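Student: Structure of the sequence below:
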Amino acid sequence: MNPIQTKPITVDGLDRTQTTARHKLPSWLNYMKDLQGGVIHLTGVVSGTLGHADVHSADHLHCTIHVHDMNFFQLMMQQGSLGAAESYLRSEWDVDDLVALIRIMVRNRHRLDKVDNAF
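Tutor: Sure thing, here's the model as predicted:
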């Protein structure tokens, strides 16, 4: 097994008006960094890697999310998956492989259900 190394997550672009994101985002990212069955790379105002996967596995999934606007995280923490979808429609983030992202999220739905209810 040759797992992808997890990079530390760094956050740029949080200003004082984004208090929800400022206080809750580190907890959310720490919870999500242990995704299983795939790897999500974050770029843009947030950078790092979420998840673990064997790169030699036949079902290895990976994608890169480019975050254009911190409002993405604010909406996601306030409205869960629906907020993430709304933010996507507003072009606040994009992803290089939407199908892979959805498959990773489905593989981790138990974790996402907890996140939707916890934050």
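
Student: Just the residues contacting the helix or strand where residue 86 lies, thanks.
Tutor: For residue 86, the enclosing helix or strand under DSSP states H and E is helix 81-89. With CB atoms under 8 Å, 6 or more residues apart in numbering as the contact definition, helix 81-89 has outside contacts at 69, 71-72, 74-77, 79, 93-94, 112, 116. Bear in mind the C-beta positions are built from the backbone N, C-alpha and C, glycine included.

Student: Closest one to residue 59 out of those residues, please.
Tutor: For those, the minimum distance to residue 59 (CB to CB) is 18.8 Å, reached by residue 112.

Student: pLDDT at that closest one, what is it?
Tutor: Note on residue 112: pLDDT of 77.

Student: same question, residue 33
Tutor: pLDDT, residue 33: 76.

Student: do the same with residue 73
Tutor: Listed pLDDT for residue 73 reads 84.
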